[in-house]
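Undergrad: Below is the structure, and that's it, no one-letter string:
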Ligand SMILES: *Cc1c(COP(=O)(O)O)cnc(C)c1O
């Protein structure tokens, strides 16, 4: 059927009938990007990591493109990927205990590194019944996700209510004959505080259980801070009892997304992370990661970033990021109503409000209107709602403090969002399974949530509603929200 006489459905096809010129495609892409937050410049204090050195990011992009079409599926076909991965894993292993020969895997991110660590632990020591994973309340949800995907039960233990650090006694009390892995964070993301790794690893070792240190966010800052004589307690693979560790290079390694390393205490444990299948008549499947066909671009980019910055570059970047965080902590102390949660060990700062008149979610919206993105964190197990700052040396902290103080003042004037309590009750009682996505989209519209953006989103209302609900109901609503967001015409 020629395109002219195509049915309306075909005419609306997302795939153009004829290929478009490159300039047009790129212009379209640029238009789509207009609504995005900026990835450089330090005004978005979450998600992105900017060195402030354009040449480093440009080099990473070039290296990425060089290997973009190389497929990690077959390391014998593309030996460059073996050399690159050995080099990247050794660079991390040298700094995070065990020496350069420590076995590891380059993965697409913290979640995949954690997935592999949980799989290795599950398969290393089979238990009677459903295997269990013991994790402090502040551990990253990637562990729950891994447990969910791998048929493991996640057992949460509370953290210290004042320091937000994991409690070794609570971990000990949660161990059962079915425990396959104990988790601690160095540091945990929400407040940036260090769990007592040595104590928890000792508890695990005593019980003959493996122990994973999640150094996804802090692993590539802490070694440089220790060299600079900051107080860094032992946390890496050299600590007795620690059997695996994850470190994301796409965070404070400043590599583009798709870069993390998981280290294992020995090759036998790493082999438990691998997967092979010869049960089909096709090519041989032997995978180190969850993904099978996979671009070598992120690996090349991470390798190039490590080489371009070198240890000296990371020392400097860690120092400037830490100076920024120190200044932010000091400045927050001078803003009425605000305080920092816990004692962060890396350049992460969580800021809560002590004044009911200053709502942090409204503050975040006010900051957004001033050109800043501050990441909201919902309350959980007694930890108050707060705003999370992931700092790099690029952030102009004086400007940030000015925006923070101005937004706090504006939030005080505006007051907390007016959320009808019967709306929260209705959501709590909502039968989500009995609703279509169209029904849910209608409900969102009725309460004033505009999915198509159009200007600065008013997130305070949404965050306040979610904050008033228990986690399992938040999860159901979030999944519905995602489904509705991705449905609909392009
Ligand atoms: C970011 C992070 C993760 C998850 O990493 P992704 O790269 O987003 O998958 C896990 N643990 C901690 C502590 C993190 O900060």
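TA: Looks like it arrived, so ask away. Not measured: the values here are computed from a predicted model.
Undergrad: For the residue lying closest to residue 214 once chain neighbours are set aside, give its distance to the ligand.
TA: Take residue 214 and drop its neighbours on the chain: the residue closest to it by C-beta to C-beta, 6 or more residues apart in numbering is residue 185, 4.5 Å away. Quick note: C-beta positions are derived from backbone N, CA and C, even for glycine. Applying C-beta to the nearest ligand atom, to the nearest Å, the value for residue 185 to the ligand is 5 Å.
Undergrad: Residue 185 - how many residues pack around it?
TA: Other residues near residue 185 come to 31 when the count uses other C-beta atoms under 10 Å.
Undergrad: so who does it touch?
TA: Neighbouring residues of residue 185 by C-beta atoms under 8 Å, 6 or more residues apart in numbering: 136, 138, 139, 140, 166, 194, 195, 213, 214, 215.
Undergrad: The ligand next: which of those residues are close?
TA: Restricting the contacts of residue 185 to those touching the ligand (C-beta under 6 Å from any ligand atom) yields 140, 214.
Undergrad: Does residue 266 touch residue 103 like I think?
TA: Yes. With contact defined as C-beta atoms under 8 Å, residue 266 counts as touching residue 103 (6.8 Å).
Undergrad: The two: which is more packed in?
TA: Just comparing residue 266 and residue 103: by other C-beta under 10 Å the higher neighbour count belongs to residue 103, 18 against 11.
Undergrad: picking up where we left off before, let me know the pLDDT of the residue nearest to residue 214.
TA: Residue 185 carries a pLDDT value of 98.
Undergrad: Break the protein into its domains for me.
TA: Annotated domains of the chain cover 63-306, 421-487 [automatic domain parsing].
Undergrad: Now distance to residue 51 too, for those domains, in TSV please.
TA: Formatted as TSV, the domains of the chain follow (distance: least, C-beta to C-beta, whole Å):
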stretch	distance to residue 51
domain 63-306	5
domain 421-487	28
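Undergrad: how close does the residue nearest to residue 214 get to residue 116?
TA: 17 Å (C-beta to C-beta, to the nearest Å).
Undergrad: related to what we said a few turns ago, just send the contacts of residue 185 back as CSV, with distance to residue 233 and pLDDT too.
TA: Shown next, in CSV, are the contacts of residue 185 (distance: C-beta to C-beta, whole Å; pLDDT from 0 to 100):
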residue, distance to residue 233, pLDDT
136, 16, 98
138, 16, 98
139, 18, 98
140, 20, 98
166, 13, 98
194, 6, 98
195, 9, 98
213, 12, 98
214, 15, 98
215, 12, 98
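Undergrad: So which bits of this protein are right by the ligand?
TA: 109, 110, 111, 140, 142, 185, 189, 214, 216, 217, 248, 260.
Undergrad: coming back round to it: just say which of the domains of the chain is most tucked in.
TA: domain 63-306 (a mean of 20; mean count of other C-beta atoms under 10 Å).
Undergrad: Give me the phi and psi for residue 246.
TA: Torsion angles at residue 246 (phi, psi; degrees, to the nearest 10) stand at phi -120, psi 140.
Undergrad: Return the residues in contact with the nearest residue to it once chain neighbours are set aside.
TA: Spatial nearest neighbour of residue 246, excluding adjacent residues (C-beta to C-beta, 6+ apart): residue 113 at 3.8 Å. Residue 113 makes contact with 105, 107, 216, 246, 247, 248, 260, 261, 262, according to C-beta under 8 Å, 6+ apart.
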